[in-house]
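Asker: generate a structure from the sequence data that follows.
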Amino acid sequence: MSTVLVLRALGLGDLLTAVPALRGLRRAYPGHEIVLAAPARFADVVAATGVVDRLLPTVARGREVPSRLDWDGTPPDVAVDLHGNGRLSRELLAALRPGRILSWVDGPAWRDDEHERVRWCRLLRWYGIASDPDDVRLDVVGTPGPGAVLIHPGADAAARRWPADRFAAVARAVAAAGLPVTITAGRGEGALAGAVAERAGLPPGAVVGGDGDVPFGALAGRVAGARAVVVGDTGIAHLASAVATPSVVLFGPVSPALWGPPAHPRHRVLWRADDPAALRPGDAHGTTPDARLLRVGVPDVLTGLGALGIPVDAALSGAAR
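Answerer: A predicted model of the protein is given here:
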């Protein structure tokens, strides 16, 4: 069978922002097997896209290019570099001797000012492959029961992690309004989520996950069934966009112009930059919360929830920044 190998060995948000490009490839190569090289823990996410036939597991530290790809059989007919714009990722694919390589090295000029979804769709368009950067939707069945406000306090870097006491204040205000609250935690984030729940006066059962990643089907179902999501600039924000759940997304070191949700009234973006035109005013992988993120206060988030129809207005006057 003819194959298209796509390299995107990054995080959850990276994978979800690549869905429009993957859909473009599926339409362009309907008779090919689409193989995605990505971390093994995203197998369920890959399956949920509905456009990838097989996952090729990768191993790498952080956001580095994998040192090798365990590819068996004949070379892929097409190899697509959705990992980055450097030569390392292209050379990794070239070592497999594909019939054709689609990459920035061989294609159009890289632009630093593009949104992540737009960037990869533009790469494919340069090669004659149509794709829609707003085509992010995943078909997910929401978890049964009344919609909770889902709060995700974690992020893979402290620079994009809003303080736990502020997340707790938001959770406390939502609970005071009579709405259920769910605190989600990724692998290694159990202590953080537990601290948020405790400070908000929520029972331990309000926390989902923490010891390991929540299975994607369960996580996506909870996000899809939520009344709204409060989250920083991380994968859960992109998941909320993919399942069309209203969200309040907090940004700090990187502009939402690069990683924000689709422009839609159900998504509220909070960013307090000195210069709104600056795209990367801080270090997205920094070890302390970004100054711009810290300028976002609890009242800002509650106002965002109020704009989404979440009745927390009465809590605004007493909310601490």
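Asker: which positions in stretch 59-75 come out as buried?
Answerer: 65-66, 69, 71 (16 or more other Cβ atoms under 10 Å). (C-beta placed from N, C-alpha, C; glycine too.)
Asker: quick check, nearest of those residues to residue 220?
Answerer: residue 66 (25.7 Å; Cβ to Cβ).
Asker: kindly export stretch 262-280 (C-alpha atoms) in PDB.
Answerer: Taking Å, rounded to 0.1, in the frame of the first residue of the first chain, the C-alpha atoms of stretch 262-280 are listed here in PDB:
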ATOM      1  CA  PRO A 262     -10.500  30.000  16.700                       C
ATOM      2  CA  ALA A 263     -12.200  33.400  16.700                       C
ATOM      3  CA  HIS A 264     -15.700  32.600  18.100                       C
ATOM      4  CA  PRO A 265     -17.800  34.200  20.800                       C
ATOM      5  CA  ARG A 266     -17.700  30.900  22.800                       C
ATOM      6  CA  HIS A 267     -13.900  31.400  23.400                       C
ATOM      7  CA  ARG A 268     -12.600  34.200  25.600                       C
ATOM      8  CA  VAL A 269      -8.900  35.100  25.500                       C
ATOM      9  CA  LEU A 270      -7.200  36.900  28.400                       C
ATOM     10  CA  TRP A 271      -3.900  38.500  27.600                       C
ATOM     11  CA  ARG A 272      -2.300  41.500  29.400                       C
ATOM     12  CA  ALA A 273       0.800  42.300  27.200                       C
ATOM     13  CA  ASP A 274       2.500  45.700  27.300                       C
ATOM     14  CA  ASP A 275       2.600  45.700  23.500                       C
ATOM     15  CA  PRO A 276      -0.400  43.700  22.000                       C
ATOM     16  CA  ALA A 277       1.700  43.500  18.700                       C
ATOM     17  CA  ALA A 278       4.400  41.500  20.400                       C
ATOM     18  CA  LEU A 279       4.100  37.900  19.600                       C
ATOM     19  CA  ARG A 280       6.600  36.300  22.000                       C
END
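Asker: per-residue confidence averaged over that stretch?
Answerer: Average pLDDT, stretch 262-280: 95.
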